[in-house]
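Student: This is a predicted model, with the sequence first.
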Amino acid sequence: EAQVTQNPRYLITVTGKKLTVTCSQNMNHEYMSWYRQDPGLGLRQIYYSMNVEVTDKGDVPEGYKVSRKEKRNFPLILESPSPNQTSLYFCASSLLGQARAAQYFGPGTRLLVL
Amino acid sequence: GNSVTQMEGPVTLSEEAFLTINCTYTATGYPSLFWYVQYPGEGLQLLLKATKADDKGSNKGFEATYRKETTSFHLEKGSVQVSDSAVYFCANFGNEKLTFGTGTRLTIIP
(Lines give C-alpha, C1' and ligand atoms only; values in the text may rest on other atoms or scores of the structure.)
Protein backbone atom coordinates (compact mmCIF):
# COMPACT_ATOMS: atom_id res chain seq x y z
CA GLU A 1 0.00 0.00 0.00
CA ALA A 2 1.33 3.41 -1.02
CA GLN A 3 1.74 5.53 2.05
CA VAL A 4 3.60 8.17 4.00
CA THR A 5 4.25 7.27 7.62
CA GLN A 6 5.20 9.57 10.46
CA ASN A 7 6.37 8.83 13.97
CA PRO A 8 5.49 9.58 16.62
CA ARG A 9 1.85 10.54 16.12
CA TYR A 10 1.69 12.41 19.41
CA LEU A 11 4.49 13.95 21.41
CA ILE A 12 4.67 16.04 24.56
CA THR A 13 8.06 17.54 25.38
CA VAL A 14 9.65 20.40 27.28
CA THR A 15 11.36 23.50 26.03
CA GLY A 16 14.90 22.88 24.84
CA LYS A 17 14.81 19.10 24.62
CA LYS A 18 15.89 18.04 21.13
CA LEU A 19 13.47 15.87 19.20
CA THR A 20 13.13 14.24 15.81
CA VAL A 21 9.96 13.40 13.93
CA THR A 22 10.51 10.73 11.31
CA CYS A 23 8.87 10.56 7.90
CA SER A 24 9.08 7.73 5.41
CA GLN A 25 7.42 7.09 2.03
CA ASN A 26 7.30 3.90 -0.03
CA MET A 27 6.41 5.40 -3.42
CA ASN A 28 9.92 6.25 -4.62
CA HIS A 29 8.99 9.93 -4.69
CA GLU A 30 11.71 12.48 -5.29
CA TYR A 31 9.94 15.38 -3.59
CA MET A 32 9.26 15.48 0.15
CA SER A 33 8.07 18.32 2.33
CA TRP A 34 7.17 19.26 5.90
CA TYR A 35 4.21 21.47 6.81
CA ARG A 36 2.81 22.75 10.04
CA GLN A 37 -0.91 23.33 10.50
CA ASP A 38 -2.15 25.96 12.92
CA PRO A 39 -5.71 27.20 13.47
CA GLY A 40 -6.59 30.09 11.19
CA LEU A 41 -3.30 29.81 9.29
CA GLY A 42 -3.81 26.69 7.22
CA LEU A 43 -0.74 24.75 6.16
CA ARG A 44 2.61 26.44 5.98
CA GLN A 45 5.65 24.82 4.46
CA ILE A 46 8.69 24.41 6.71
CA TYR A 47 11.28 22.69 4.49
CA TYR A 48 11.26 20.67 1.33
CA SER A 49 13.59 18.37 -0.57
CA MET A 50 13.76 17.74 -4.31
CA ASN A 51 15.97 14.68 -3.94
CA VAL A 52 18.64 13.04 -1.82
CA GLU A 53 20.99 15.60 -0.26
CA VAL A 54 18.93 18.48 -1.74
CA THR A 55 16.91 20.48 0.77
CA ASP A 56 15.58 24.03 0.87
CA LYS A 57 13.68 26.36 3.17
CA GLY A 58 9.97 26.84 2.94
CA ASP A 59 7.98 29.70 4.40
CA VAL A 60 8.62 29.05 8.12
CA PRO A 61 12.00 27.29 8.54
CA GLU A 62 13.19 29.01 11.73
CA GLY A 63 13.84 26.56 14.56
CA TYR A 64 13.79 23.47 12.33
CA LYS A 65 16.33 21.32 10.53
CA VAL A 66 15.92 18.51 8.03
CA SER A 67 18.09 15.98 6.28
CA ARG A 68 17.64 13.74 3.25
CA LYS A 69 20.25 11.01 3.30
CA GLU A 70 17.97 8.41 1.71
CA LYS A 71 15.23 8.88 -0.82
CA ARG A 72 12.50 7.40 1.35
CA ASN A 73 13.22 9.27 4.61
CA PHE A 74 12.96 12.95 5.50
CA PRO A 75 13.22 13.54 9.26
CA LEU A 76 12.30 16.85 10.88
CA ILE A 77 14.58 17.93 13.70
CA LEU A 78 13.82 20.47 16.41
CA GLU A 79 17.16 21.18 18.09
CA SER A 80 15.71 23.30 20.88
CA PRO A 81 11.91 23.24 20.81
CA SER A 82 9.95 26.22 22.07
CA PRO A 83 6.25 26.55 22.93
CA ASN A 84 5.54 28.40 19.67
CA GLN A 85 6.41 25.19 17.85
CA THR A 86 3.39 23.48 19.38
CA SER A 87 1.48 22.48 16.26
CA LEU A 88 0.25 19.68 14.02
CA TYR A 89 2.98 18.60 11.59
CA PHE A 90 2.51 16.85 8.27
CA CYS A 91 5.01 15.23 5.99
CA ALA A 92 4.15 14.92 2.30
CA SER A 93 5.71 13.43 -0.81
CA SER A 94 5.17 13.51 -4.55
CA LEU A 95 6.79 13.12 -7.92
CA LEU A 96 8.58 16.13 -9.39
CA GLY A 97 7.34 18.67 -11.93
CA GLN A 98 3.64 19.43 -12.23
CA ALA A 99 2.93 16.20 -10.38
CA ARG A 100 4.28 17.93 -7.27
CA ALA A 101 0.91 19.48 -6.82
CA ALA A 102 -0.65 16.08 -6.08
CA GLN A 103 1.05 15.43 -2.79
CA TYR A 104 0.54 12.42 -0.53
CA PHE A 105 0.29 13.33 3.12
CA GLY A 106 1.18 11.42 6.25
CA PRO A 107 -1.29 11.13 9.13
CA GLY A 108 0.26 13.98 11.11
CA THR A 109 2.23 14.42 14.33
CA ARG A 110 0.70 16.48 17.09
CA LEU A 111 3.43 18.17 19.11
CA LEU A 112 3.01 19.97 22.43
CA VAL A 113 6.00 21.87 23.79
CA LEU A 114 5.67 22.87 27.46
CA GLY B 1 3.27 35.64 -4.97
CA ASN B 2 0.47 33.13 -5.02
CA SER B 3 -2.34 33.16 -2.47
CA VAL B 4 -5.63 31.42 -1.79
CA THR B 5 -8.63 32.83 0.04
CA GLN B 6 -11.41 30.50 1.03
CA MET B 7 -14.66 30.78 2.83
CA GLU B 8 -14.29 30.89 6.57
CA GLY B 9 -16.02 28.25 8.55
CA PRO B 10 -17.27 26.44 10.28
CA VAL B 11 -20.07 25.44 7.95
CA THR B 12 -22.90 23.29 9.31
CA LEU B 13 -25.48 21.74 7.01
CA SER B 14 -28.19 19.15 7.22
CA GLU B 15 -27.79 15.89 5.35
CA GLU B 16 -28.82 16.14 1.65
CA ALA B 17 -28.33 19.92 1.60
CA PHE B 18 -26.47 21.67 -1.23
CA LEU B 19 -22.91 22.67 -0.45
CA THR B 20 -20.80 25.52 -1.75
CA ILE B 21 -17.41 26.44 -0.32
CA ASN B 22 -15.95 29.52 -1.99
CA CYS B 23 -12.33 29.79 -3.05
CA THR B 24 -10.54 32.56 -4.90
CA TYR B 25 -6.90 32.78 -5.80
CA THR B 26 -4.20 35.15 -6.92
CA ALA B 27 -1.28 33.93 -8.95
CA THR B 28 1.10 34.93 -11.67
CA GLY B 29 0.51 32.94 -14.79
CA TYR B 30 -1.97 30.09 -14.91
CA PRO B 31 -1.77 27.89 -11.85
CA SER B 32 -3.29 24.47 -11.38
CA LEU B 33 -6.03 24.43 -8.73
CA PHE B 34 -6.91 21.80 -6.17
CA TRP B 35 -9.22 20.85 -3.37
CA TYR B 36 -7.81 18.71 -0.58
CA VAL B 37 -9.90 17.11 2.19
CA GLN B 38 -8.81 16.28 5.74
CA TYR B 39 -10.96 13.78 7.61
CA PRO B 40 -10.75 13.75 11.42
CA GLY B 41 -7.42 12.45 12.65
CA GLU B 42 -5.96 12.02 9.17
CA GLY B 43 -3.65 13.80 6.76
CA LEU B 44 -4.82 15.68 3.70
CA GLN B 45 -6.02 13.80 0.63
CA LEU B 46 -6.36 15.19 -2.86
CA LEU B 47 -10.08 15.46 -3.65
CA LEU B 48 -10.07 16.98 -7.13
CA LYS B 49 -8.08 19.19 -9.43
CA ALA B 50 -8.23 21.36 -12.55
CA THR B 51 -5.22 22.35 -14.56
CA LYS B 52 -6.56 24.99 -16.95
CA ALA B 53 -9.34 27.52 -17.37
CA ASP B 54 -12.87 26.10 -17.70
CA ASP B 55 -11.74 22.65 -16.59
CA LYS B 56 -14.09 20.95 -14.14
CA GLY B 57 -12.63 18.66 -11.52
CA SER B 58 -14.92 16.10 -9.93
CA ASN B 59 -14.73 13.26 -7.43
CA LYS B 60 -17.08 11.60 -4.91
CA GLY B 61 -19.95 13.86 -6.02
CA PHE B 62 -17.92 17.04 -5.48
CA GLU B 63 -17.23 19.42 -8.36
CA ALA B 64 -15.26 22.61 -8.91
CA THR B 65 -14.78 24.64 -12.10
CA TYR B 66 -11.66 26.69 -12.83
CA ARG B 67 -12.96 30.18 -13.56
CA LYS B 68 -10.18 32.39 -14.86
CA GLU B 69 -12.38 35.47 -15.28
CA THR B 70 -13.35 35.48 -11.59
CA THR B 71 -10.15 33.74 -10.35
CA SER B 72 -12.31 31.27 -8.49
CA PHE B 73 -12.55 27.52 -7.87
CA HIS B 74 -15.63 27.04 -5.73
CA LEU B 75 -16.35 23.55 -4.38
CA GLU B 76 -19.91 22.25 -4.76
CA LYS B 77 -21.87 19.14 -3.94
CA GLY B 78 -25.53 18.62 -4.64
CA SER B 79 -26.43 16.45 -1.65
CA VAL B 80 -24.03 16.15 1.27
CA GLN B 81 -23.75 13.18 3.60
CA VAL B 82 -22.65 12.87 7.21
CA SER B 83 -19.47 11.18 5.94
CA ASP B 84 -18.51 14.44 4.16
CA SER B 85 -17.80 16.08 7.50
CA ALA B 86 -14.17 17.17 7.25
CA VAL B 87 -11.92 20.17 6.70
CA TYR B 88 -11.57 21.26 3.07
CA PHE B 89 -8.55 23.11 1.73
CA CYS B 90 -8.32 24.96 -1.54
CA ALA B 91 -4.83 25.16 -3.04
CA ASN B 92 -3.04 26.45 -6.09
CA PHE B 93 0.18 25.28 -7.67
CA GLY B 94 2.12 27.98 -9.42
CA ASN B 95 5.74 29.10 -9.60
CA GLU B 96 6.76 25.64 -8.39
CA LYS B 97 4.93 26.08 -5.09
CA LEU B 98 1.75 24.61 -3.61
CA THR B 99 -0.11 27.27 -1.60
CA PHE B 100 -3.02 26.34 0.68
CA GLY B 101 -5.98 28.29 1.94
CA THR B 102 -6.75 28.30 5.65
CA GLY B 103 -9.29 25.49 5.44
CA THR B 104 -13.07 25.31 5.93
CA ARG B 105 -14.50 22.97 8.52
CA LEU B 106 -17.70 21.30 7.31
CA THR B 107 -20.08 19.49 9.65
CA ILE B 108 -23.09 17.60 8.33
CA ILE B 109 -25.85 16.78 10.77
CA PRO B 110 -28.26 13.88 10.18
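Tutor: Nice, thanks for sending it over.

Student: Please count neighbours and contacts with C-alpha atoms only from this point.
Tutor: Will do.

Student: Spell out which parts of chain B neighbour chain A.
Tutor: Proximity of chain B to chain A, by CA under 8 Å from any CA of the partner chain, involves residues B:32, B:41-46, B:93, B:96-98, B:100-103.

Student: Select from these the one having the most neighbours.
Tutor: Using other CA atoms under 10 Å in any protein chain shown as the neighbour criterion, B:Gly103 leads the residues of chain B next to chain A with 29 neighbours.

Student: how near is that residue to A:Tyr47?
Tutor: B:Gly103 is 21 Å from A:Tyr47, where distance means CA to CA, to the nearest Å.

Student: Among the residues of chain B next to chain A, which lie within strands?
Tutor: When DSSP state E is applied, the residues of chain B next to chain A are split such that B:32, B:44-46, B:93, B:97-98, B:100 fall in strands.

Student: Could you dump those into TSV with distance to B:Pro10 and pLDDT added?
Tutor: Shown next, in TSV, are these (distance: CA to CA, whole Å; pLDDT from 0 to 100):
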residue	distance to B:Pro10	pLDDT
B:Ser32	26	89
B:Leu44	18	91
B:Gln45	19	92
B:Leu46	20	92
B:Phe93	25	83
B:Lys97	27	76
B:Leu98	24	83
B:Phe100	17	91
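
Student: Where does the residue positioned nearest the centre of chain A sit: helix, strand or coil?
Tutor: Nearest to the mean C-alpha position of chain A, by CA atoms, centre = their mean, lies A:Trp34 at 2.8 Å. Classification of A:Trp34 by DSSP: H, G, I helix; E, B strand; the rest coil places it in strand.

Student: In contact with it, which residues are there?
Tutor: The contact partners of A:Trp34, by CA atoms under 8 Å, 6 or more residues apart in numbering or on different chains, come to A:45-48, A:76, A:89-92.

Student: Recalculate using a threshold of 7 Å.
Tutor: Contact analysis of A:Trp34 by CA atoms under 7 Å, 6 or more residues apart in numbering or on different chains lists A:45-48, A:90-92.

Student: Between the residues you listed, identify the one with the most neighbours.
Tutor: Among the contacts of A:Trp34, the one with the most neighbours (other CA under 10 Å) is A:Cys91, at 32 neighbours.

Student: Would you check how far apart whichever residue of chain B sits closest to chain A and B:Ser85 are?
Tutor: Nearest to chain A, among the residues of chain B, is B:Thr102, at 3.7 Å (CA to the nearest CA). Applying CA to CA, the value for B:Thr102 to B:Ser85 is 17 Å.

Student: what's the answer for A:Leu43, then?
Tutor: In this view, A:Leu43 and B:Ser85 are 19 Å apart by CA to CA.

Student: hang on, the earlier thing: just give the closest residue to the residue of chain B closest to chain A, not the sequence neighbours.
Tutor: Sequence neighbours aside, A:Gly42 is the residue nearest to B:Thr102 in space, at 3.7 Å (criterion: CA to CA, 6 or more residues apart in numbering or on different chains).
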